[in-house]
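Novice: Okay, here's the prediction I keep looking at, along with the sequence it came from:
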Amino acid sequence: QVQLVESGGGSVQAGGSLRLSCAASTWTVSSYYMSWFRRAPGKEREWVAGIDRAGNTDFADSVKGRFTISRDNAKKTLYLQMNSLKPEDTAMYYCAAGRCIEVVVGGFGYWGQGTQVTVSS
């Protein structure tokens with residue numbers, strides 16, 4: 001069983017930065033596709049960014065150029081560097097891991113409990 005624990009959320013003013021971390025409990029995730037999702041109050045869950053086992057990355061248009069996703073397999077940790085934050089980035093952020101992107105986008109795989117990000121204007 002894979003457990004994922006997010007950290008690094010908080011409150012920041014618009015234009016600021018935060019770095020989220022997602023620590024995994026097993027080495028299994030080093031071969032998994034890993035993603036960040038977010039859910040804002042009253043909105044659907046939104047895929048934010050993903051990284052495959054080879055390190056290839058992809059981002060939602062809403063965060064492209066501002067967010068960076070990375071992984072350190074030696075530390076079993078996934079990161080999301082968020083720069084130039086906007087109030088509309090306010091949400092609960094979740095990390096997810098699965099054998100492929102289709103697994104996590106479908107809501108399956110392994111998920112953390114989330115970390116709250118609040119951006120004030």
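Specialist: Nice, thanks for sending it over.

Novice: Give the buried residues for the helix or strand that residue 50 is a member of.
Specialist: When elements are defined using DSSP states H and E, residue 50 is found to belong to strand 46-51. Across strand 46-51, burial judged by 16 or more other Cβ atoms under 10 Å covers 47-51. No exception for glycine: its C-beta is placed from N, CA and C like everyone else's.

Novice: helices or strands next to it in the packing?
Specialist: If you count contacts as 3 or more Cβ pairs under 8 Å, 6 or more residues apart in numbering; DSSP states H and E, strand 46-51 packs onto strand 33-39, strand 57-59, strand 67-72, strand 77-82, helix 101-105.

Novice: Looking at that strand now, give me its mean pLDDT.
Specialist: Averaged over strand 46-51, pLDDT sits at 97.

Novice: what pairs with that strand, and is each one parallel or antiparallel?
Specialist: Strand 46-51 pairs in its sheet with strand 33-39 (antiparallel), strand 57-59 (antiparallel), by DSSP bridges.

Novice: okay, those in a markdown table with distance to residue 6, mean neighbour count and mean pLDDT next?
Specialist: Output for the strands paired with strand 46-51, formatted as a markdown table (distance: least, Cβ to Cβ, whole Å; neighbours: other Cβ atoms under 10 Å; pLDDT from 0 to 100):
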| stretch | distance to residue 6 | mean neighbour count | mean pLDDT |
| --- | --- | --- | --- |
| strand 33-39 | 9 | 23 | 97 |
| strand 57-59 | 18 | 15 | 97 |
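
Novice: between those, which gets nearest to residue 104?
Specialist: strand 33-39 (4.9 Å; Cβ to Cβ).

Novice: and stretch 21-35, how far apart are its ends?
Specialist: Terminal residues of stretch 21-35 lie 12 Å apart, using Cα to Cα, to the nearest Å.

Novice: got a list of contacts for it?
Specialist: 1-8, 36, 47-53, 71, 73, 75-80, 95-101, 103-105, 109-110, 112 (Cβ atoms under 8 Å, 6 or more residues apart in numbering).
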